[in-house]
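Enquirer: The following comprises the amino acid sequence and a computationally predicted model.
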Amino acid sequence: MSNKKATTTPSIYDIGINALDGKAIDLTAFKGKHILFVNVASECGFTSQYKDLQKLSSTYPDTLVVIGAPCNQFAKQEPGDAMQIQTFCERNFGITFLLTEKINVKGHKQHPLYQWLTKKDLNGKKNSNVKWNFQKYLVNKDGRLVDYYYSITKPMSSKIVKHL
């Protein structure tokens, strides 16, 4: 039943992306769980959301994977290299959830992951634009886009957790 729909739009599980340490992330490993993608930055007014992203990840380990995607496209608020980002996240927020390589989430160099998340012809649901750091995209356990949430939506918001 779900395979029929999956053939009409590209699968998120086919997208390649690397972790912050440079190793490939196999998104198929997360089939059967929701995935919350968040473009993150270390020097943003919303950076404190790292704490609640970690809480969300720790609260729903069996049903959710949180993936942070460092991005320096908004007011250059993620200037660090991979080691600096990792150290900042671990030291200040105890982050254990997955962080990707630093990517572009908009523009002509937009990473294929964010092309899928923001383009209806790829995700089969809706178009969007990434407006700022800590915008969130929720994908369901079948790999379909549920919705997106602007930065002001807190990670533990009922708008998000009701789907988990």
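Expert: That came through, no problem.

Enquirer: Can you tell me the centre-most residue of the protein?
Expert: The centre of the chain sits closest to residue 37, judged by Cα atoms, centre = their mean, with a distance of 1.3 Å.

Enquirer: which residues touch that one?
Expert: By Cβ atoms under 8 Å, 6 or more residues apart in numbering, residue 37 lies in contact with 67, 69, 113, 117, 136-139. Any C-beta I mention is one placed from the backbone N, CA and C, and that applies to glycine too.

Enquirer: Among the residues you listed, which are located in strands?
Expert: 67, 69, 136-139 (DSSP state E).

Enquirer: Quickly check those for the two that are furthest apart.
Expert: Taking Cβ to Cβ as the measure, the ones in strands among the contacts of residue 37 span a maximum distance of 14.0 Å, between 69 and 138.

Enquirer: Neighbour count: the two, which is higher?
Expert: residue 69 (26 against 21; other Cβ atoms under 10 Å).

Enquirer: where's the more buried one relative to residue 162, distance?
Expert: 23 Å (Cβ to Cβ, to the nearest Å).

Enquirer: Residue 57 now?
Expert: The gap separating residue 57 from residue 162 is 17 Å, by Cβ to Cβ.

Enquirer: Which one of these two is surrounded by more residues?
Expert: Between residue 57 and residue 162, counted using other Cβ under 10 Å, residue 57 has the larger neighbour count: 20 against 7.

Enquirer: In a strand, that one, correct?
Expert: No - assessed with DSSP: H, G, I helix; E, B strand; the rest coil, residue 57 is helix; it does not lie in a strand.

Enquirer: from the ones in strands among the contacts of residue 37, which is closest to residue 10?
Expert: Taking Cβ to Cβ as the measure, residue 10 sits nearest to residue 139 out of the ones in strands among the contacts of residue 37, at 12.8 Å.

Enquirer: what sits against residue 116?
Expert: Per Cβ under 8 Å, 6+ apart, neighbours of residue 116: 10, 12, 15, 122-123.

Enquirer: Now with 6 Å, please.
Expert: Neighbouring residues of residue 116 by Cβ atoms under 6 Å, 6 or more residues apart in numbering: 12, 15, 122-123.

Enquirer: How about residue 101?
Expert: Contacts of residue 101 (Cβ under 6 Å, 6+ apart): residue 18.

Enquirer: and what of residue 19?
Expert: So residue 19 contacts residue 25 (Cβ under 6 Å, 6+ apart).

Enquirer: pLDDT score assigned to it?
Expert: For residue 19, the pLDDT comes out at 97.

Enquirer: Please apply the same query to residue 3.
Expert: With respect to pLDDT, residue 3 scores 48.
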